[in-house]
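Student: Sequence first, predicted model second:
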Amino acid sequence: MTRTLPTLLRHRVMKIEDGVRKYLLTNFAGSEQQKDLDKTKGNVKGSINDFFRVKTNLKDYQLDEYFATKNNQVLPFDMDFWAIESTGAYNTARLQDVPREIIEEYTNVFIYQLKGCNINCKFCFVDRFNNNGRADHGAEYFSMREIIDSFIKFRERKNDEGVALNQFRPSGGEPTLAPEQWLEVLQLLEEYGLSKKVSVQSDCNGTTGHAWNRWIKNKEMQEDLFEQVSKYKNFNVLYCFKGSDPENLARNIGRNAEQGRELLEEQLYTFKKLLSNGIRTYAYIINPNPETLEGFMNELAQDYGRKIIPFMHILKIGPYGPVKERYGDKIDEAVSEWNDYYARSEQVMDGLCIEEFGKHYKEISRPSIIEDILANA
Ligand code: SF4
């Protein structure tokens, strides 16, 4: 990653027109990603146009299994609970106590994608042309008010059908190339009286911390942006560590070892920056190396305390359409390694959690410890 790439992309994906800030959004039409979305069973169907989509985090059959077993381990995601905690919809100290009807209120997510990313992960589910920062392939600029108005219209339509839509996700691409969108969306939701109902969760690839410093120094980003954002409790960041050691990271995203080292340092720096600014940041590691995971967690624990261990979730790489194209005839081999790493990494986390807290991995509710993590940052 060059130091200038985030800035170059920032200038492409965000512009001011007649005094209004506008963001370049991906058009899914005709992409491999759209084919993947069409195949996803259990998602709420329907969209306003090709720029917005709705994902259902926990599908009915997953909730059925969860409520039959009352076992957190079977949950593929826990983002719904962050939303429930951050809007105050229910006490999330024990996830098992949260009623199904509350989870169903927060399991559908309205998503748009900023059309640009400063790293090109080999496992990315987005077609490369939809992350290039260019106004091509049907991409268009939208103001945040236009985006929010689309969300509200779609939300009302779904509410009339008895489907709740209370999560809003600025995604990408890399949303932190234009973190101004975070404050704008939060302010607009407040203006519409939705701050106590709608939770905003944005993604972060953890590689823009130093770029933010440069933009603040150059006065192209407001100095107290993150402080302002952190005042909104209904905001969370989904933060993705790309590996548990430099080689693992380099291999995951398709870089050399030296670049892997630089990126891991940048990731640690950016993670700290968000948390120390008071931003509710939930971390994942994608495809960690099970051999180095324990060492990585112990290193993080020195900075954030031992509760960082149950706080970190593991994410498995999925063989989406664009991923299959990139791996070509090596895809089956890769999938088998991802499955193996995932299973072994979950065992590592389970062992650490039992040793440290006497509980299984994922038995400790992340939303109930977010304040501890923030306090240690
Ligand atoms: S950081 Fe996210 S959007 Fe960017 S290339 Fe990686 S997976 Fe794709």
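Tutor: In hand now; what should we look at? Numbering: from 1, shown residues only.

Student: Can you point out the buried residues in stretch 181-193?
Tutor: Gln181, Trp182, Leu183, Glu184, Val185, Leu186, Gln187, Leu188, Leu189 (16 or more other Cβ atoms under 10 Å). In short, each C-beta sits where N, CA and C put it, glycine included.

Student: so which of the residues you listed comes closest to the ligand?
Tutor: Proximity of these to the ligand (Cβ to the nearest ligand atom) peaks at Gln181, which lies at 15.2 Å.

Student: Now do the same contact list for that closest one.
Tutor: Neighbouring residues of Gln181 by Cβ atoms under 8 Å, 6 or more residues apart in numbering: Met14, Tyr23, Leu114, Met144, Pro170, Pro175, Ser202.

Student: Can you tell me how far the third one is from the ligand?
Tutor: Look at Leu114 and the ligand: by Cβ to the nearest ligand atom, to the nearest Å, they are 9 Å apart.

Student: ok, of the contacts of Gln181, which one's closest to Phe67?
Tutor: Ranked by distance to Phe67 (Cβ to Cβ), the contacts of Gln181 are led by Ser202 at 29.0 Å.

Student: can I assume that closest one sits in a strand?
Tutor: Yes - secondary structure of Ser202 (DSSP: H, G, I helix; E, B strand; the rest coil): part of a strand.

Student: who touches it in this structure?
Tutor: Arg169, Pro170, Ser171, Pro175, Thr176, Gln181, Trp182, Phe235, Asn236, Val237, Leu238.

Student: interface residues of the protein facing the ligand?
Tutor: Cys117, Ile119, Asn120, Cys121, Cys124, Val126, Asn131, Gly172, Gly173, Glu174, Asn205 (Cβ under 6 Å from any ligand atom).

Student: which residues touch the second one?
Tutor: Contacts of Ile119 were listed using Cβ under 8 Å, 6+ apart, and they are Met1, Glu174, Asn205, Thr207, Lys242, Ile253, Leu263.

Student: could I get the contacts of Gln181 as TSV with secondary structure and pLDDT?
Tutor: Output for those, formatted as TSV (DSSP: H, G, I helix; E, B strand; the rest coil; pLDDT from 0 to 100):
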residue	secondary structure	pLDDT
Met14	strand	98
Tyr23	strand	98
Leu114	strand	98
Met144	helix	98
Pro170	strand	98
Pro175	helix	98
Ser202	strand	98
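
Student: Now for the residues you listed: which two are most distant?
Tutor: Met14 and Ser202 (14.5 Å).

Student: distance between stretch 279-287 and the chain's centre?
Tutor: Stretch 279-287 sits 8 Å away from the centroid of its parent chain (Cα atoms, centre = their mean, to the nearest Å).
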